[in-house]
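1. Have a look; sequence and predicted model below, questions after that.
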Amino acid sequence: MKLWGGRFTKEENQLVHNFNESLSFDQKFYHQDIQGSMAHVKMLAKQGIVSSEDEKAILDGLQGILEDIEAGKLEFTKEHEDIHSFVEANLIERIGDAGKRLHTGRSRNDQVALDMKLYCRDELKEIDGLVKDLLAELLKIMEKNTETYMPGFTHLQKAQPVTLAHHVGAYFEMFYRDCTRLHDIYERMNYCPLGAGALAGTTYPLDREYTAELLGFYGPTLNSMDSVSDRDYVIELLSALSIIAMHLSRFSEEIIIWNTNEYRFVEIDDAYSTGSSIMPQKKNPDIAELVRGKSGRVYGALVSMLTTMKGIPLAYNKDMQEDKELTFDAIDTVKGCLALFTGMISTMTFNKDIMEASAKNGFTNATDAADYLVNHGVPFRDAHGIVGQLVLFCIDKNIALDDMTLDEFKAISPVFEEDIYQAISLKTCVEKRMTIGAPGPEAMKKVIESCKKRLEELK
Ligand code: ARG
């Protein structure tokens with residue numbers, strides 16, 4: 001049955017139906033569709049637009065549909081165009097004429113705008129929860145590792161020593177911003193489009209404030225054409241999801257590197273690794289690789305949505321039906337990535353000795369050796385040159401700066417004294433970095449306190 005059959009004389013072609021329909025995917029928000037209809041009919045009754053008997057019949061009917069879908073008793077049969085037609089047709093089948101009054105003062109255009117918004121809002125809250133779970137996990141790792149030394153890298157070359165807490169703390173900040181980004185989107189999107197009608201509002205005395213309130217919105221949207229045309233919040237959500245996916249991908253990339261035989265900084269738990277069908281020795285970081293790989297489809301959704309929207313004249317156009325599959329996919333993908341990633345890092349072991357040894361062996365204390373000279377009156381540019389010579393000497397002998405004898409130091413610069421060893425020890429190098437945001441344990445502990453507090457405040 002078609003909702004709009006009245007004006008048409010020919011049967012719809014099957015191919016056209018298949019191309020046009022959205023029930024196969026918008027059934028995903030049946031719950032939000034019914035929730036929206038319930039609010040709409042309550043408002044219609046309050047305004048005296050439908051009788052309270054009809055209201056009751058409609059509410060009971062909708063409740064029955066909801067329960068039957070959830071119990072698997074009601075199938076989404078193909079002849080219906082979309083979830084809105086499906087629910088309405090079912091309602092009329094169940095309760096007769098009263099069901100025909102539900103759509104009074106409403107269009108599928110404001111209905112779909114509402115459903116999509118409700119769906120995105122629900123999912124946004126779930127994603128927010130998953131990001132917070134990840135933040136809590138990162139915080140645990142940080143708290144335990146303020147004195148776990150490791151090399152910090154630039155250009156993937158060992159640069160200066162940091163701690164595991166500090167490195168993981170960088171991701172805490174990224175995912176924290178992701179969380180606040182989600183909150184910002186929520187604040188902007190949380191206005192109700194219901195009552196915008198097809199594009200120009202309606203002639204019925206709808207109480208839009210009331211439906212907005214029933215559905216947990218801050219208030220109604222303020223321009224009916226914008227209300228049915230707006231998918232900005234979808235684009236914002238996809239953008240936030242893309243950034244989350246990008247952060248997850250970067251972290252995954254590091255874990256993949258850290259998990260190699262060459263690094264062995266971490267060991268991914270068996271549960272999050274897989275074997276090779278041919279090479280018995282392999283333990284592959286598949287989950288990290290998949291999380292890295294899936295960022296592509298999330299970005300794809302964002303670009304696709306931006307492209308779909310860019311040429312659409314006001315107000316509703318069917319192009320906008322294209323918002324659903326890719327948004328659903330991006331949401332499900334990011335939710336999966338977040339859950340798996342959190343599971344993977346919470347079961348991963350850190351080879352702290354190997355990390356520390358790596359920090360010792362890569363001349364990560366070279367800057368500190370130069371600073372030692374500067375503190376003894378040598379101009380920085382000269383100090384840089386002297387330490388360059390030390391490094392050359394060590395590379396030749398395949399040793400670390402700490403392994404040089406004092407005579408060897410002095411041969412290159414007489415300024416060096418016995419206290420050079422202490423000055424360039426890993427512990428000193430890290431501890432002396434005490435400015436806020438630096439890896440020194442004292443600075444780090446303060447930041448960890450702030451992380452805890454900020455995470456609390458997000459809840
Ligand atoms: N399935 C449609 C969509 O997802 C619902 C709105 C249809 N409205 C219309 N006037 N054809 O956008």
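-> Perfect, thanks for sending it.
2. Return the residues of the chain in contact with the ligand.
-> The chain comes close to the ligand at residues Ser22, Asp26, Asp82, Arg108, Asn109, Val112, Tyr316, Lys318, Met320, Gln321, as judged by CB under 6 Å from any ligand atom. Every C-beta, even on glycine, is put in place using the N, C-alpha and C of the backbone.
3. between the residues you listed, which is nearest Leu392?
-> Looking at the residues of the chain next to the ligand and their distance to Leu392, the nearest is Met320, at 64.2 Å (CB to CB).
4. Point out the ones among the residues of the chain next to the ligand that are inside helices.
-> Within those, residues falling in helices by DSSP state H are Asp26, Arg108, Asn109, Val112.
5. Let me know the closest of these to Asp270.
-> Asp26 (40.2 Å).
6. shouldn't that closest one be in contact with Asp82?
-> Yes. The criterion here is CB atoms under 8 Å, and Asp26 meets it with Asp82 at 5.4 Å.
7. Overlap of the contact sets of the two?
-> Taking CB atoms under 8 Å, 6 or more residues apart in numbering as the contact rule, Asp26 and Asp82 both touch Val112.
8. Would you agree Ser358 falls within a helix?
-> Yes. Counting by DSSP: H, G, I helix; E, B strand; the rest coil, Ser358 is part of a helix.
9. Leaving out sequence neighbours, find the closest residue to the closest residue to the ligand within the stretch 251-400 of the chain.
-> The minimum distance from the stretch 251-400 of the chain to the ligand, using CB to the nearest ligand atom, falls at Gln321 (3.6 Å). Leaving aside its sequence neighbours, Gln321 sits nearest to Ser22 (CB to CB, 6 or more residues apart in numbering; 5.2 Å).
10. again, but for Leu134
-> Leu134's closest residue in space is Thr342 (CB to CB, 6+ apart), at 4.7 Å.
11. helix or strand for Leu455, which one?
-> Using DSSP states H and E, Leu455 sits within helix 441-458.
12. Quick check, Glu53 in contact with Ala98.
-> Yes. Counting by CB under 8 Å, Glu53 touches Ala98, with 7.5 Å between them.
13. Between those two, tell me which one has more neighbours.
-> Neighbour totals were compared for Glu53 and Ala98, and Ala98 leads with 21 against 10 (other CB atoms under 10 Å).
14. Could you pull up phi and psi at that one?
-> Main-chain dihedrals, Ala98, degrees, to the nearest 10: phi -60, psi -40.
15. Now for it: which residues touch it?
-> Taking CB under 8 Å, 6+ apart, we find Ala98 in contact with Val50, Glu53, Asp54, Ala57, Ile58, Gly61.
16. and if we set it to 10 Å?
-> Taking CB atoms under 10 Å, 6 or more residues apart in numbering, we find Ala98 in contact with 41, 50-51, 53-58, 60-61, 91-92.
17. Then Ala136?
-> Neighbour list for Ala136: Thr342, Ser346, Cys451, Lys452, Leu455 [criterion: CB under 10 Å, 6+ apart].
18. most surrounded residue in the residues you listed?
-> Among the contacts of Ala136, the one with the most neighbours (other CB under 10 Å) is Cys451, at 21 neighbours.
19. ok, back up a step: can you spell out which helices and strands pack onto the helix or strand that the residue nearest to Leu134 is a member of?
-> Assigned by DSSP H and E, Thr342 falls within helix 323-347. Applying 3 or more CB pairs under 10 Å, 6 or more residues apart in numbering; DSSP states H and E, one finds that helix 323-347 makes contact with helix 23-26, helix 108-144, helix 164-189, helix 232-258, helix 286-309.
20. Past the third one, which element shows up next along the chain?
-> This points to helix 164-189. strand 191-192.
21. neighbouring contacts of the helix or strand just after that following strand?
-> Using DSSP H and E, the helix or strand that follows strand 191-192 in sequence is helix 208-214. Under the criterion CB under 10 Å, 6+ apart, residues 35-36, 38-44, 46-47, 106, 114, 190-196, 201-202, 207, 217-222, 224, 227 lie in contact with helix 208-214.
22. try 8 Å this time
-> With CB under 8 Å, 6+ apart as the test, helix 208-214 has contacts from Ala39, His40, Lys42, Met43, Lys46, Tyr191, Cys192, Leu194, Gly195, Tyr218, Gly219, Pro220.
23. Stretch 394-405 now?
-> Stretch 394-405 is contacted from outside by Lys360, Asn361, Phe363, Asn365, Ala366, Ala369, Leu390, Val391, Phe393, Tyr421, Ile424, Ser425, using CB under 8 Å, 6+ apart.
24. What of stretch 57-65?
-> Contact partners of stretch 57-65, identified using CB under 8 Å, 6+ apart, comprise 34, 37-38, 41-42, 50, 74, 87, 90-91, 94-95, 98-99, 101-102.
25. now for the residues you listed, which pair is the farthest apart?
-> The most distant members of the contacts of stretch 57-65, if one measures by CB to CB, are Val50 and Leu74, lying 24.0 Å apart.
26. Between these two, tell me which one has more neighbours.
-> Neighbour count, other CB under 10 Å: between Val50 and Leu74, Val50 has more, with 22 against 17.
27. Show the contacting residues for Leu102.
-> Leu102 makes contact with Ser37, His40, Val41, Ile58, Glu88, Leu91, according to CB under 8 Å, 6+ apart.
28. The fourth one: neighbouring residues, count only.
-> Looking back up the chat, that one is Ile58. Counted with other CB under 10 Å, residues neighbouring Ile58 total 26.
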